[in-house]
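> Please find the sequence and the predicted model below.
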Amino acid sequence: MTGHCAEKIDPGNQTVSGVTLEGDPFEFPYDRLLIATGSSAVMPDLTGFDLPGVMVVKSLEDGRKIKTFLKNNRVKKTIIIGMGYIALEMCESLVGLNIAVDMVKPNPMFMPWLASSMARAVKEGLEAKGVGVYAGHKVERIEPFGDGLKVICPDLTLTGDMVLVGIGVNPCSRIAENAGLELGVQKSIAVDRNLRTSNKNIFAAGDCADAFHVVTGERTWIPLALRANRSGWAVADNVCGKDVALDGVAGTAVFRVLDFEVARTGLSVSEAEKFGFEPVENMIKSGSKAHAYPGNTTIMVNMIGDKKSGRLLGAQMVGTEGVAHRINGPAVALHARMTVKQYCQTDLAYAPPFGPTWDPTLTAANQLLKKL
Ligand SMILES: Cc1cc2nc3c(=O)[nH]c(=O)nc-3n(C[C@H](O)[C@H](O)[C@H](O)COP(=O)(O)OP(=O)(O)OC[C@H]3O[C@@H](n4cnc5c(N)ncnc54)[C@H](O)[C@@H]3O)c2cc1C
């Protein structure tokens, strides 16, 4: 039933009510309910963010709006507010369309979760391609400027023909909150490992719900597609009488921006410190292929381990190839709660076109082990 906006859950009477696009009210009874309302793009309540040409990219409809705007206007330059993975992917798409890009955000650190030398490599790579990276500038407002727009910070003004806002998402949990369901991290809907909310007949899955982190064991909110998909399947199984419990998430993510593949799994050093670990990190440079093989490029791997337990806590990788799937080795190790020493013993594949004899993640683990 598309075109139906659910507005209220009545857990006592087990009904969901709302209104259709045509304005007709509806009410459905349920035995079991799944809330899978996803997340919504953050749009700051600041002057000018409602001007034509200022857009977010969250839904397919948002994507269509951007395409239409590009078709109907001579967009030579875009300003992107935000530098998260979606903002960076938008940067790649626009540069591919020969549109100049300036990016701006308040935090002075570009990709703060990445080891600083790796973040610097990506930033310099973007700048070398003409992208303006303005980290450390808080946007105050947007104003019309001729046929285009002006993004104004106290110490910087950027002009362009279009503005994309990519500053994150929030879980769509209000309907759950109003129904008295318990909320978790960042107001996501708190669920147990079987995806049950605080009401035994109501499940929640996807971006609107929280998850357990496999490294910390604590609740976390990392809205990504695999977890969303997997949790939906698990709810279906549980509603049908199976007992499916999910282990949790490691925060494994990858994206590409221009020449770079950037990937992470597990905790960064600052996250690990917050959860009481004693993190030690080590960054190495290795090759995407055997050293003498044509086309060999540099892969940077940062691995993080816990000095107290020897446990592997996380890994990050940057390179121009061979990063995206390589991050899955450390990700599986995190699910297995492996120590760095155990990772060093893993038998990873080698052939010259695909990597050095010692996979870059093994070199990273071997070097990290010396520091633990
Ligand atoms: C541009 C972009 C790129 C991304 N790229 C990646 C990627 O490369 N890798 C990755 O892992 N993840 C990526 N993600 C994240 C991924 O898309 C989400 O994690 C995933 O789509 C979440 O699925 P979901 O079903 O929970 O929510 P959604 O896909 O957002 O679906 C929620 C649905 O609920 C409906 N809904 C909401 N409220 C109501 C209501 N009150 N009544 C009725 N219906 C309602 C919405 O209309 C929507 O159809 C990306 C996200 C974006 C925006």
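The structure has been received and is ready for your questions.
> how about the residues of the stretch 151-300 of the chain that lie near the ligand?
Taking C-beta under 6 Å from any ligand atom as the criterion, the stretch 151-300 of the chain approaches the ligand at residues Cys172, Ile175, Gly206, Asp207, Pro223, Leu224, Ala225, Leu226, Ala228. All C-beta spots, glycine's among them, are computed from the backbone N, C-alpha and C.
> how about these, which pair is most distant?
With distance counted by C-beta to C-beta, no two of these lie farther apart than Ile175 and Leu226, which are 24.3 Å apart.
> out of these two, which sits in the more crowded spot?
The residue with more neighbours, out of Ile175 and Leu226, is Ile175; 19 against 10, by other C-beta atoms under 10 Å.
> Now intersect the residues of the stretch 151-300 of the chain next to the ligand with the helices, please.
Within those, residues falling in helices by DSSP state H are Ile175, Ala225, Leu226, Ala228.
> Buried residues in stretch 157-167, which are they?
Residues of stretch 157-167 classed as buried: Leu158, Gly160, Asp161, Met162, Val163, Leu164, Val165, Gly166, Ile167 (neighbour count, 16 or more other C-beta atoms under 10 Å).
> Quote the end-to-end distance of it.
Across stretch 157-167, the terminal residues are separated by 18 Å (C-alpha to C-alpha, to the nearest Å).
> Sheet partners, orientation included, of the helix or strand Met317 falls within?
Element membership of Met317, judged by DSSP states H and E, is strand 312-319. When sheet partners are counted by DSSP bridges, strand 312-319 sits next to strand 260-266 (antiparallel), strand 298-306 (antiparallel).
> With mean pLDDT as added columns, please give those in a markdown table.
Listed next are these as a markdown table, based on pLDDT from 0 to 100:
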| stretch | mean pLDDT |
| --- | --- |
| strand 260-266 | 98 |
| strand 298-306 | 98 |
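> Mean neighbour count and distance to Thr68 for the ones you listed - can I get that in a markdown table?
Rendered in a markdown table, the data for these read as follows (neighbours: other C-beta atoms under 10 Å; distance: least, C-beta to C-beta, whole Å):
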| stretch | mean neighbour count | distance to Thr68 |
| --- | --- | --- |
| strand 260-266 | 24 | 30 |
| strand 298-306 | 25 | 39 |
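> In JSON lines, list those along with distance to Thr2.
Putting those into JSON lines (distance: least, C-beta to C-beta, whole Å) gives the following:
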{"stretch": "strand 260-266", "distance to Thr2": "35"}
{"stretch": "strand 298-306", "distance to Thr2": "44"}
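> Now do the buried residues in the strand holding Met317.
Applying 16+ other C-beta under 10 Å to strand 312-319 flags Leu312, Leu313, Gly314, Ala315, Gln316, Met317, Val318, Gly319 as buried.
> Report the two of the residues you listed separated the most.
Spatial extent of the buried residues of strand 312-319 (C-beta to C-beta) is set by the pair Leu313 and Gly319 at 21.1 Å.
> and stretch 169-186, how far apart are its ends?
Its first and final residues considered, stretch 169-186 spans 10 Å by C-alpha to C-alpha.
> Pull the contacting residues for the residue of the stretch 1-150 of the chain with the smallest separation from the ligand.
Of the stretch 1-150 of the chain, the residue with the smallest distance to the ligand, taken as C-beta to the nearest ligand atom, is Gly38 at 2.5 Å. Applying C-beta atoms under 8 Å, 6 or more residues apart in numbering, we find Gly38 in contact with Cys172, Gly206, Asp207, Cys208, Ala228.
> Please apply the same query to Ser173.
Residues in contact with Ser173 (C-beta under 8 Å, 6+ apart) are Thr37, Leu183, Lys187, Ser188, Ile189, Cys208.
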